[in-house]
Structures are given as C-alpha cells and as structure tokens.
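A.B. asks: following is a predicted model, sequence given first.
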Amino acid sequence: MTEKPATGYSPLQISLHWAIALLVLFQLLFGESMTTVVDAAEEGTSVSATDQFLANSHYWVGLSILALVALRIVVRLWQGAPPAASEGPSWMEVAAKISHWLFYALLVAVPVTGLLAIYVSDSFGDIHALGKPAFIVLIAIHALAALFHQFWIKDGTLRRMLVPSR
C-alpha cells in the first residue's frame, strides 16, 4: 500500500519551527547586551548583572538555534515538506522557496559568525550584526505572506504550521 503524501507538517516540524522562531525573537530583542558586554570588556568597565545575564543567554540561545536548525534540516530531509497549499502563480512558489532557504542560510550563518567573532576575530562581529536587519526584513515578509495566504487566498497555509497533519 502506498503512503499518501503529507498535506501538512508533522508535530516535530511545527515544534521546531516555533521553538526556533521564539529563540530568534529573543535574540533580536536582547542581543544588544552582547555588544554592551564586549564593549565594556574592551574598555575595562563593568556591566550590570542583567546585561551580563542577557549576553550569556545570547551565546547559549545562539548555540541552541544552531543545534535546532541542524535537527530541522535533518527532519526536513527525512520527512520532506508538503506541497504548496494552493496552486498560485509560479513566482509565489519560487519566492516561497527562496525565502525558506534564506531563512536556513541565516539561521546557520548568524550563529556561526557570532562564534567566529568570539573565538577568531572581532571583525566577524560586523558580519554577525548584519543578521539582525536581514532577519527583521525576512520575518516581516514571511509573516505578511502567511497572513496574505490566510486572509486573502484562504488556502490554509498558516493553519498547516499551527496544526499537525500527516
């Protein structure tokens, strides 16, 4: 008996998506504390306990994102991804694929450049910092596209990332 192709994402895929999204949001909101701590170390000044805690958290959350993204890529290769929820213009499918692969690239490159900034050279910090505006733009496009599918096209795309379906 042939297995029916998946129409949605598995519970694991959905959990990974939202866990990574929340961790990235944390990084975007509190990542500046890392800069504060690094600058203070270079100047020989002290920082608040809150800034130190948030900088440490930034480091560990970044490592967590990298690990979860590696797992997410393995799961995607293993389980695949469902086809588009609706037949739309081909440019929309191409745009969706490009944006998803850009997310994967950023989710790997930003933590790696952060680690390189800490362990290899401060110059990687400048590259790492470019991740924040890139993430903000990509997240905005991603969220708007999901809302467009939900409320304009009404094809269930957003629901597939909220409710498991196999």
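C.D. replies: Thanks, I have the structure now.

A.B. asks: please count neighbours and contacts with C-alpha atoms only from this point.
C.D. replies: Noted.

A.B. asks: pLDDT below threshold where in this protein?
C.D. replies: Scanning the chain with the threshold set as pLDDT under 70 gives 1-6, 85-86, 166.

A.B. asks: could you pull out the helices for it?
C.D. replies: Secondary structure of the chain (DSSP state H): helices located at 11-30, 32-43, 49-79, 90-119, 123-129, 131-148, 157-160.

A.B. asks: ok, residues contacting stretch 11-26?
C.D. replies: 61, 65, 68-69, 72, 75-76, 161-165 (C-alpha atoms under 8 Å, 6 or more residues apart in numbering).

A.B. asks: before we move on, what about stretch 83-101?
C.D. replies: Looking at what lies outside stretch 83-101 - C-alpha under 8 Å, 6+ apart - the contacts are 6-7, 138, 142, 155-157.

A.B. asks: again, 6 Å this time
C.D. replies: For stretch 83-101, the external contacting residues (C-alpha atoms under 6 Å, 6 or more residues apart in numbering) are 155, 157.

A.B. asks: how about it: buried residues?
C.D. replies: Using 16 or more other C-alpha atoms under 10 Å as the test for burial, stretch 83-101 gives residue 99.

A.B. asks: could you dump that stretch to CSV, C-alpha only?
C.D. replies: Taking Å, rounded to 0.1, in the frame of the first residue of the first chain, the C-alpha atoms of stretch 83-101 are listed here in CSV:
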residue,chain,number,x,y,z
PRO,A,83,3.4,20.7,-1.4
ALA,A,84,2.1,24.2,-1.6
ALA,A,85,-1.4,24.5,-0.1
SER,A,86,-2.8,26.1,-3.3
GLU,A,87,-1.9,26.4,-6.9
GLY,A,88,-0.8,30.0,-7.4
PRO,A,89,1.4,31.9,-9.7
SER,A,90,4.8,30.2,-10.2
TRP,A,91,6.6,33.3,-8.9
MET,A,92,4.9,32.8,-5.5
GLU,A,93,6.2,29.3,-5.3
VAL,A,94,9.7,30.4,-6.3
ALA,A,95,9.5,33.3,-3.7
ALA,A,96,8.5,30.9,-1.0
LYS,A,97,11.4,28.5,-1.8
ILE,A,98,13.9,31.3,-1.9
SER,A,99,12.7,32.8,1.4
HIS,A,100,12.8,29.5,3.2
TRP,A,101,16.3,28.8,2.0
